[in-house]
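[1] My questions concern the predicted model and sequence given below.
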Amino acid sequence: MRRLLARGFDPHTAQSREAGALRELARLMWAAPEDSREARIAARAADEAAADPFALRELLAEFCAQAVGGVHRRTDFSRLPPRRVPPQITAFLLEPVDGAVHQPGVRAVAYLDAPELPLPGPVHGSRRDLAEWLVHAANAESPAETSFGPLSGLLARTDQPHLLAALSSAFVSGVRDGAHHATHPDAREQPRPYLLWRETEAAPTLLTRMLRANPHLPLLPPAAGEDDPPGSAGAHAVLLALLRDRPDLAGPIARATDARKLVDALAQGVLQPGPPGIAQGCRRLLRRLDDSAARDEVCVRALAGDDREMRAAVAEAGYLPSMLDESGRAAFLFATEQWERYDAADPRGLLVTGYFADVSSRPGGGEWWWWTLKYAVVTAAARSGRPAPLPAPPTTPSSSRRKGPVGSWPTSYTGGFGSH
């Protein structure tokens, strides 16, 4: 190991068998029994190697690979059960060092603070991979309900951007998992490492406690016109603000978020298990949208898929699609079964009948609304027992018997084949 470190790293070394000695050292550290002679010798060698950033990258990448069963390819941690990190590796990661820009000043944070290395590296050698692995691994700890373990304690207080992004990404996975199982109770059982609430009770999981404890969350959305940074919560930052009991942040984040992504996140939020705070907060936000594009998105969802939550939101908030004229809005009221408002707006049904009279008269983009509203109006009429205010179908003249030969084949005529 010392000879390798003395030679230094170059593109040839980084891709040669010599780097395999570092990976072998990492595997030895992972497998060695705690407090054994092998573990102590390997830890000393790793401490010496960690002074070289290229060697440190090889060690951390192999730790990450061992955590996912020795697989050297890009890993989706949300599909894997978290694996406990051996104590000697936890101590290596959390060794206090100089040079960390963010807190706490430990080896793992200092590595994440440093710029990406220029030489080719292993599959799991990126800052993003390491941060995601640390969040995933922290969920394997089993501290008391009022405390944290070594890794979860780091994540509960760190301000390191890669770790905050990984925490936010884990939260998004947890929200999507909760929404999926709420609508698919018979979903196939698979690992659910990012649960936000325990399945048997409404108690928060370790991930939720880390998210609530970290004072640097949620990450605020980017400036207008910029994409969400990779791994950030994006529109789900609104839900994260609600999880952390920060409704003062939820409104500003919502106003700075893309309308479609915001409504999608809120739709997932109302389905979350556990205490009702997040679901109730999402329902309130759905009824207080200032942006017309966001309101229109709620109206679309109220029709498409027959979403009860969205129907309740448009009815209670009084939303109407901004691109529809008076007759189209009357059709929307009928389709969403807002009978009191519909009867006041179109008592004789003439507006809706006129709206459906001719699809070709609809403005650009209006055909989707025309067909969707027509289906929804028919469905609402059948459900309520009301007659559908649709124009009468055009009458067609009765068909008469066609004169002349039936077809052009010989068998179409009398005296064709078989008439000899």
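    Happy to help now that I have it.

[2] Help me confirm that residue 182 comes into contact with residue 273.
    Yes: in this structure, residue 182 is within contact of residue 273 by Cβ atoms under 8 Å, at 6.8 Å. Placement of C-beta: from N, CA and C, glycine included.

[3] ok, how many other residues are close to the residue nearest to residue 160 when sequence neighbours are not counted?
    If you skip the residues right next to it in sequence, residue 160 has residue 102 as its closest partner in space, 4.1 Å away by Cβ to Cβ, 6 or more residues apart in numbering. A total of 17 residues lie near residue 102 under the criterion other Cβ atoms under 10 Å.

[4] Then residue 102 would be within a strand, right?
    No: read with DSSP: H, G, I helix; E, B strand; the rest coil, residue 102 is coil and lies in no strand.

[5] Test my guess that it contacts residue 154.
    No: using Cβ under 8 Å, residue 102 is not in contact with residue 154, being 11.0 Å away.

[6] Find the residues that touch each one of the two.
    Shared contacts of residue 102 and residue 154 (Cβ atoms under 8 Å, 6 or more residues apart in numbering): residue 109.

[7] dump the residue contacts of residue 274.
    196-197, 202, 204.

[8] Most neighbours among those residues, which one is it?
    residue 196 leads the contacts of residue 274 on contacts (other Cβ under 10 Å) with 22 neighbours.

[9] OK, contacts around the closest residue to it other than its chain neighbours?
    Leaving out its chain neighbours, the residue that sits closest to residue 196 by Cβ to Cβ, 6+ apart is residue 174, at 4.4 Å. Residues in contact with residue 174 (Cβ under 8 Å, 6+ apart) are 194-196, 207-208.

[10] Mind doing that once more with 10 Å?
    Neighbour list for residue 174: 78, 192-197, 205, 207-208, 211, 236, 239, 243, 272 [criterion: Cβ atoms under 10 Å, 6 or more residues apart in numbering].

[11] Now, those that are in helices?
    Among the contacts of residue 174, the ones falling in helices (DSSP state H) are 207-208, 211, 239, 243.

[12] could I get those residues as CSV with neighbour count?
    Shown next, in CSV, are the ones in helices among the contacts of residue 174 (neighbours: other Cβ atoms under 10 Å):
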residue, neighbour count
207, 25
208, 20
211, 24
239, 28
243, 26
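
[13] hmm, which two among the residues you listed are most spread apart?
    Among those, the pair separated by the greatest distance (Cβ to Cβ) is 207 and 239, at 13.7 Å.

[14] Pull up the overlap in contacts between these two.
    171, 174, 196.

[15] Okay, the second one and residue 265: tell me how far apart.
    Residue 174 sits 13 Å away from residue 265, going by Cβ to Cβ, to the nearest Å.

[16] got it, and the last one?
    Using Cβ to Cβ, one gets 14 Å for the distance from residue 196 to residue 265.

[17] Mind pulling up the pLDDT for the residue nearest the centre of the chain?
    The centre of the chain sits closest to residue 172, judged by Cα atoms, centre = their mean, with a distance of 4.7 Å. Listed pLDDT for residue 172 reads 95.

[18] Now it: closest residue in space that isn't a chain neighbour?
    Leaving aside its chain neighbours, residue 172 sits nearest to residue 236 (4.8 Å; criterion: Cβ to Cβ, 6+ apart).

[19] give the contact list for that neighbour.
    168-169, 171-176, 218, 228, 243, 253, 257, 261-262, 264-266, 268-269.

[20] sorry, back to before: what about the shared contacts of residue 207 and residue 239, which are in strands?
    The strands, defined by DSSP state E, take in nothing from those.

[21] Closest one to residue 30 out of those residues, please.
    residue 174 (27.2 Å).

[22] In this protein, where is pLDDT below threshold?
    Along the chain, the parts satisfying pLDDT under 70 run over 1-18, 119-120, 186-188, 221-233, 305-306, 359-365, 394-420.

[23] Could you point out the longest helix of it?
    Using DSSP H to define each element, the chain has its longest helix at helix 161-183.

[24] ok, and for it, which residues are buried?
    Of the residues in helix 161-183, those buried under the neighbour-count criterion (16 or more other Cβ atoms under 10 Å) are 161-179, 181.

[25] Run a quick neighbour tally on the nearest residue to residue 261 once chain neighbours are set aside.
    Residue nearest to residue 261 in three dimensions, not counting chain neighbours: residue 235, with 3.9 Å by Cβ to Cβ, 6+ apart. Per other Cβ under 10 Å, the neighbour tally for residue 235 reads 25.

[26] Could you do residue 105 as well?
    Using other Cβ under 10 Å, residue 105 has 14 other residues around it.

[27] Phi first, then psi, for it.
    phi -80, psi 70 (degrees, to the nearest 10).

[28] do the same with residue 388
    Residue 388 adopts backbone torsions of phi -80, psi 120, taken as degrees, to the nearest 10.

[29] Excluding sequence neighbours, find me the nearest residue to it.
    Nearest to residue 388 is residue 381, by Cβ to Cβ, 6+ apart, at 3.8 Å.

[30] Tell me how many other residues surround residue 71.
    So residue 71, with other Cβ under 10 Å, has 14 neighbours.

[31] ok, now residue 112?
    22.

[32] Just say helix, strand or coil for it.
    Per three-state DSSP, the local secondary structure of residue 112 is helix.

[33] Isn't it up against residue 103?
    No: judged on Cβ atoms under 10 Å, residue 112 makes no contact with residue 103 at a distance of 11.7 Å.

[34] between these two, what contacts are shared?
    In contact with both residue 112 and residue 103: 158, 160, using Cβ under 10 Å, 6+ apart.

[35] is it true that residue 214 touches residue 167?
    Yes: using Cβ under 10 Å, residue 214 makes contact with residue 167 at a distance of 6.7 Å.

[36] who touches stretch 38-53?
    For stretch 38-53, contacts defined as Cβ under 10 Å, 6+ apart pick out 1-2, 4-5, 8-9, 21-22, 24-33, 36, 55-56, 58-60, 63, 86-89, 91-92, 95, 97, 107, 110-111, 114-115, 117, 119.

[37] And those residues, which of them are buried?
    The neighbour count (16+ other Cβ under 10 Å) marks 1, 4-5, 9, 21-22, 25-30, 32, 55-56, 58-60, 63, 86, 88-89, 92, 107, 110-111, 119 as buried among the contacts of stretch 38-53.

[38] Okay, and which of those residues map to helices?
    4-5, 21-22, 25-30, 55-56, 58-60, 63, 88-89, 92, 107, 110-111.

[39] list residues touching both of residue 174 and residue 265?
    With Cβ under 10 Å, 6+ apart, residue 174 and residue 265 have common neighbours 236, 239.
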